[in-house]
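In: next come a sequence and a model predicted from it.
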Amino acid sequence: MSFEINESCGVFGIYTREDDVAKLTYYALYALQHRGQESAGIAVSDGRETLMLKDMGMVSQVFSERDLNNLRGHIAIGHVRYSTTGSTFWENAQPVQVPRRGGSVFVAHNGNLINTVELRNALKEEGVRFRSTSDTEVVAVMLARSSQQSIVDAVKEVMPRLTGAYAFVVMTEDRLIGIRDPHGIRPLCVGRYMDGYALSSESAGLDIIGAEYIREVEPGEMAIIDDDGLGFETAVTAAKPSLCIFEYIYFARPDSIMYGTYLYHARKHMGMSLADEAPVEADVVMPIPDTGVPAAIGYSQASGIAFGEGLIKNRYIGRTFIQPTQAIRQLGVRLKLNPLIHDIKGKRLVVVDDSIVRGNTTKEIVKMLRDAGAKEVHMRISSPPDMYPCFYGIDTSIRKELIASSRKVEEIRRFIGADSLHYLSMENLVKATRRPKEDFCTACFDGEYPVPVPDEMMMTKCRLEKGKVGVQ
Ligand code: SF4
């Protein structure tokens with residue numbers, strides 16, 4: 001479940017003259033809501049004029065039916081955000097709009113650039129004044145200032161100057177473009193919808209509107225959608241593919257497809273391998289909902305131990321902006337999970353989760369299960385120890401907060417108070433994806449960052465001395 005990891009963002013775009021693009025985008029953002037709950041936005045174009053609505057909050061809080069009825073056109077892009085670069089305030093909500101050649105360019109972004117400061121400073125020296133602190137505005141300004149007449153050529157000019165992880169959807173008055181970084185770290189796929197096409201961070205965003213999945217946008221590629229249909233062009237030379245492996249473990253929905261595999265099936269295999277690697281005598285296998293469910297089912301099937309639910313998730317809590325009272329704060333994880341005491345009392349439990357970040361949440365959960373009368377608690381984690389921070393758009397933690405960066409597995413077991421603890425091996429994690437390890441970014445686990453991270457950035461998150469970067 002990883003209450004301790006916050007996703008980065010979800011993007012969506014659609015081009016069709018046969019349906020209401022604002023409403024389609026609204027529903028797609030609903031399907032991508034798990035990727036970000038701090039702000040949501042939709043921009044539309046009718047070919048001549050553009051309109052945008054964005055605000056802080058979840059999709060259901062930001063848009064009313066009346067708002068959507070006012071967003072008329074045949075092109076739309078949408079965004080749900082969790083802040084990574086730039087803090088949480090309205091100006092950082094997306095899409096970002098910047099005037100360009102008598103019209104506008106709108107940009108929505110999932111990922112994180114690691115050369116934002118350099119790009120921003122160069123633009124500031126040219127007299128640009130920024131309204132936000134987000135890297136997305138930097139890219140939108142670069143596109144707007146490009147000398148290229150066509151937005152396609154502007155993208156080709158700008159992309160080679162960007163370093164980091166990105167999946168962008170870009171809209172002008174008459175075009176929709178989807179772009180993926182040379183390593184394809186963040187996902188983006190394209191589908192067919194009626195007379196047009198759609199772009200989405202995850203295939204689940206296509207499914208919800210009934211669009212037909214076509215394929216992923218390849219690393220370094222751009223998908224161009226306009227009145228001529230759908231075309232693909234290389235925007236920047238592709239590098240070693242490095243899709244974020246955490247999409248497989250936790251971030252993306254289990255009903256999304258990546259590299260041709262349903263993530264549900266991959267996660268189930270992770271659970272089966274966990275049962276092979278770390279069998280234990282127990283009465284029930286239970287997941288930490290929701291993301292631990294497929295792996296727990298896999299563990300149950302491979303081990304023959306019954307699957308059962310012992311923790312019920314409060315599905316509607318989402319992200320609240322109301323500060324909790326001290327008494328409510330003390331409830332901690334109880335706000336999100338409630339134990340089924342009858343199904344836990346006196347039982348030996350195998351508890352399956354996708355990851356342990358700082359360890360505090362897992363500790364609270366183990367305590368809650370013991371308080372509910374569990375006889376034994378055996379934690380099984382469907383990923384290797386999370387030891388290194390992410391610089392590519394996922395808000396994990398600074399390194400020293402990652403419990404596995406400084407403690408051995410046995411020390412973590414003692415800290416969380418479980419009877420046993422096992423993390424899935426890298427080998428079996430990769431096997432579950434049915435792709436070679438080389439196709440992924442696995443930096444969280446092994447510190448092998450596919451895009452070199454500048455020393456200053458590394459030092460901020462790793463609190464390391466210069467010269468000792470990434471080798472602790
Ligand atoms: Fe994903 Fe971790 Fe790589 Fe970030 S560092 S892209 S979370 S695998």
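Out: Sure, I can see it.
In: which stretches of the stretch 1-150 of the chain have low pLDDT?
Out: Judged by pLDDT under 70, the stretch 1-150 of the chain has its weakly predicted residues at 1-7, 83-88.
In: that one: strands as residue ranges?
Out: Per DSSP state E, counting those that start in this stretch, the stretch 1-150 of the chain carries strands over the ranges 9-15, 39-45, 50-56, 75-81, 96-100, 103-113.
In: quick one, which of those is nearest to the ligand?
Out: strand 103-113 (8.8 Å; CB to the nearest ligand atom). Every residue, glycine included, has its C-beta placed from N, CA and C.
In: off-centre distance for the closest one?
Out: 16 Å (CA atoms, centre = their mean, to the nearest Å).
In: so is that strand next to the ligand?
Out: No. With CB under 6 Å from any ligand atom as the criterion, the ligand is not reached by strand 103-113; the gap is at least 8.8 Å.
In: strand partners of that strand, parallel vs antiparallel please.
Out: strand 96-100 (antiparallel), strand 164-171 (antiparallel) (DSSP bridges).
In: now do it against strand 9-15, angle only.
Out: 150 degrees (axes from the mean of the first three to the mean of the last three CA atoms, to 10 degrees).
In: between strand 103-113 and strand 50-56, how many degrees?
Out: Using the same axes, to 10 degrees: strand 103-113 against strand 50-56 is 40 degrees.
In: okay, the angle between strand 103-113 and strand 39-45?
Out: Using the same axes, to 10 degrees, strand 103-113 lies at 150 degrees relative to strand 39-45.
In: check which residues of strand 103-113 are buried.
Out: Residues of strand 103-113 classed as buried by neighbour count (16 or more other CB atoms under 10 Å): 104, 105, 106, 107, 108, 109, 110, 111, 112, 113.
In: residue numbers of this structure in contact with the ligand?
Out: 185, 244, 245, 246, 390, 392, 394, 441, 442, 443, 444.
In: ok so, going back, farthest-separated two in the buried residues of strand 103-113?
Out: 104 and 112 (24.2 Å; CB to CB).
In: quick check on whichever residue of the stretch 101-250 of the chain sits closest to the ligand: phi, psi?
Out: Nearest residue of the stretch 101-250 of the chain to the ligand (CB to the nearest ligand atom) works out as residue 244 at 3.2 Å. The phi and psi values for residue 244, taken as degrees, to the nearest 10, are phi -60, psi 120.
In: how about residue 218?
Out: Residue torsions, per degrees, to the nearest 10, at residue 218 are phi -80, psi 160.
In: hang on, isn't it packed against residue 178?
Out: No. Using CB atoms under 8 Å as the test, residue 218 is too far from residue 178 to be in contact (10.8 Å).
In: can you mark which positions in stretch 234-245 are buried?
Out: Within stretch 234-245, the residues that count as buried by 16+ other CB under 10 Å are 235, 236, 238, 241, 242, 243, 244, 245.
In: how close does the first one sit to residue 427?
Out: In this structure, residue 235 and residue 427 are 35 Å apart, going by CB to CB, to the nearest Å.
In: so for the residue lying closest to residue 183 once chain neighbours are set aside, what's the pLDDT?
Out: Sequence neighbours aside, residue 242 is the residue nearest to residue 183 in space, at 4.0 Å (criterion: CB to CB, 6 or more residues apart in numbering). Residue 242 carries a pLDDT score of 98 in this model.
In: likewise residue 315?
Out: So residue 315 comes in at 74 (pLDDT).
In: out of the buried residues of strand 103-113, flag the one nearest to residue 262.
Out: residue 110 (20.6 Å).
In: mind listing what the closest residue to the closest one other than its chain neighbours touches?
Out: In space, and not counting its chain neighbours, residue 110 is closest to residue 9: 4.1 Å by CB to CB, 6+ apart. Neighbouring residues of residue 9 by CB atoms under 8 Å, 6 or more residues apart in numbering: 35-36, 79-82, 84, 94, 108-111, 201, 393.
In: and those, which of them are buried?
Out: 35-36, 79-82, 84, 94, 108-111, 201, 393.
In: ok, back up a step: tabulate the contacts of residue 9 (JSON lines), appending distance to residue 129.
Out: Output for the contacts of residue 9, formatted as JSON lines (distance: CB to CB, whole Å):
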{"residue": "35", "distance to residue 129": "30"}
{"residue": "36", "distance to residue 129": "27"}
{"residue": "79", "distance to residue 129": "23"}
{"residue": "80", "distance to residue 129": "27"}
{"residue": "81", "distance to residue 129": "22"}
{"residue": "82", "distance to residue 129": "26"}
{"residue": "84", "distance to residue 129": "23"}
{"residue": "94", "distance to residue 129": "19"}
{"residue": "108", "distance to residue 129": "22"}
{"residue": "109", "distance to residue 129": "20"}
{"residue": "110", "distance to residue 129": "26"}
{"residue": "111", "distance to residue 129": "24"}
{"residue": "201", "distance to residue 129": "30"}
{"residue": "393", "distance to residue 129": "25"}
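In: quick check: the gap between the residue nearest to residue 183 and residue 186.
Out: 10 Å.
In: one more: residue 32?
Out: Counting by CB to CB - residue 32 and residue 186 are separated by 12 Å.
In: which one of the strands of the stretch 1-150 of the chain lies closest to residue 401?
Out: Here strand 103-113 is closest among these (CB to CB), at 18.1 Å.
In: before we move on, the earlier item: could you export the strands of the stretch 1-150 of the chain to a markdown table, including columns for distance to residue 277?
Out: Shown next, in a markdown table, are the strands of the stretch 1-150 of the chain (distance: least, CB to CB, whole Å):
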| stretch | distance to residue 277 |
| --- | --- |
| strand 9-15 | 33 |
| strand 39-45 | 40 |
| strand 50-56 | 43 |
| strand 75-81 | 36 |
| strand 96-100 | 45 |
| strand 103-113 | 32 |
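In: so which residues make contact with stretch 97-105?
Out: With CB under 8 Å, 6+ apart as the test, stretch 97-105 has contacts from 43, 50, 52, 106-107, 137, 140-141, 143-144, 149, 151, 170-173.
In: I am finished for the moment; much appreciated.
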